[in-house]
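Visitor: Mind looking at a prediction? Sequence and model below.
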Amino acid sequence: MEREAKKEAFRKYLESSGVLDALTKVLVSLYEEGDKPSSAVEFVKQKLGGPSVSEFERLQAEKMELQLKYDELLTIHRETCRELEELRNCKVETEADSKEMTDESEAK
């Protein structure tokens, strides 16, 4: 009984969210297609708005290129931050040395 209730709740969910209607329209479109596509799955994906295989592969390649560029820029950023920190430390040391020399001069 519980299993039937779960199935019914799921069916209502699919119906209320528009999934059943969308799938029905796509399947009817496939049925009415004069020249049946070689891949019914690709047809369904395309009709539901998913990318084609070639589009997916192009997006994957673009993602990999962008990841490499991101990694490169992140490395440059980290190196620049390290150099900036070194310069700040150097400035602090220089100011401290200068103040120390000024204090010694004034003491004489």
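Guide: Noted; the coordinates are in hand. Numbering: from 1, shown residues only.

Visitor: remind me which residues of this protein are low pLDDT?
Guide: 96, 99-108 (pLDDT under 70).

Visitor: the helices in it, which residues?
Guide: Taking DSSP state H, the helices of the chain run over residues 2-16, 19-32, 40-47, 53-107.

Visitor: Dump those to a markdown table, plus mean neighbour count.
Guide: Heads up, the C-betas are built off the backbone N, CA and C, glycines and all. Listed next are those as a markdown table, based on neighbours: other CB atoms under 10 Å:
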| stretch | mean neighbour count |
| --- | --- |
| helix 2-16 | 10 |
| helix 19-32 | 12 |
| helix 40-47 | 14 |
| helix 53-107 | 10 |
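
Visitor: quick one: the most centrally placed residue in the chain and residue 8, what's the gap?
Guide: The residue lying closest to the centre of the chain (CA atoms, centre = their mean) is residue 63, at 8.4 Å. For residue 63, the distance to residue 8 equals 41 Å [CB to CB, to the nearest Å].

Visitor: Over to residue 98?
Guide: From residue 98 to residue 8 the distance is 82 Å (CB to CB).

Visitor: same thing with residue 77?
Guide: Per CB to CB, residue 77 is found 55 Å from residue 8.

Visitor: got it, and residue 61?
Guide: Look at residue 61 and residue 8: by CB to CB, they are 44 Å apart.

Visitor: mind listing what residue 59 touches?
Guide: By CB atoms under 8 Å, 6 or more residues apart in numbering, the residues touching residue 59 are residue 51.
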